[in-house]
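Asks: prediction below, plus the sequence it came from.
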Amino acid sequence: MENYKYELIIYWSKQDNSYVVEVPELSGCMADGKTYNEAIKNVEGVIKEWIDTAKQLGRNIPMPKGRLKYA
């Protein structure tokens with residue numbers, strides 16, 4: 001697995017009874033898992049798929065910016 005450096009937002013979803021991981025720099029990129037570690041592992045695969053799909057479609061792939069600032 002590649003070592004991606006995108007910011008991850010991880011939170012517990014009571015509604016889904018699982019951890020949810022969002023990748024804000026990659027639009028729509030997110031995953032979940034019953035454990036924290038499972039959610040991280042799942043999002044690593046989704047990031048790879050997101051990037052592979054973007055390459056196939058000729059779309060730009062954002063460079064990781066590190067920590068994002070929120071208002």
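Replies: In hand now; what should we look at?
Asks: could you use CA atoms for every contact and neighbour count after this?
Replies: Fine.
Asks: against residue 27, how distant is residue 51?
Replies: Note on residue 51: its distance to residue 27, by CA to CA, to the nearest Å, is 11 Å.
Asks: the more surrounded of these two?
Replies: Neighbour totals were compared for residue 51 and residue 27, and residue 51 leads with 17 against 10 (other CA atoms under 10 Å).
Asks: give me the nearest residue to that one, chain neighbours excluded.
Replies: Once flanking residues are discounted, residue 51 sits nearest to residue 61: 6.7 Å by CA to CA, 6 or more residues apart in numbering.
Asks: wait, what's in contact with that neighbour?
Replies: For residue 61, the contact set (CA atoms under 8 Å, 6 or more residues apart in numbering) comprises 51, 54-55.
Asks: do the same with residue 64
Replies: So residue 64 contacts 5-7, 25 (CA under 8 Å, 6+ apart).
Asks: just the buried residues out of the residues you listed, in PyMOL syntax.
Replies: Command for PyMOL, covering only those of these found buried under the criterion 16 or more other CA atoms under 10 Å:
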select buried, resi 6+7+25
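Asks: mind checking how far the residue nearest to residue 51 is from residue 29?
Replies: Separation of residue 61 from residue 29 (CA to CA): 12 Å.
Asks: check what pLDDT the residue nearest to the spatial centre of the chain gets.
Replies: What sits nearest the mean C-alpha location of the chain, by CA atoms, centre = their mean, is residue 23, with 3.5 Å. Residue 23 is assigned 96 on the pLDDT scale.
Asks: any idea how far residue 54 is from it?
Replies: For residue 23, the distance to residue 54 (CA to CA) stands at 15 Å.
Asks: all strands for this structure, in order.
Replies: Remark: strands assigned in the chain by DSSP state E are 9-13, 18-22, 30-33.
Asks: include mean neighbour count when you put these into JSON lines, please.
Replies: Formatted as JSON lines, those follow (neighbours: other CA atoms under 10 Å):
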{"stretch": "strand 9-13", "mean neighbour count": "14"}
{"stretch": "strand 18-22", "mean neighbour count": "21"}
{"stretch": "strand 30-33", "mean neighbour count": "22"}
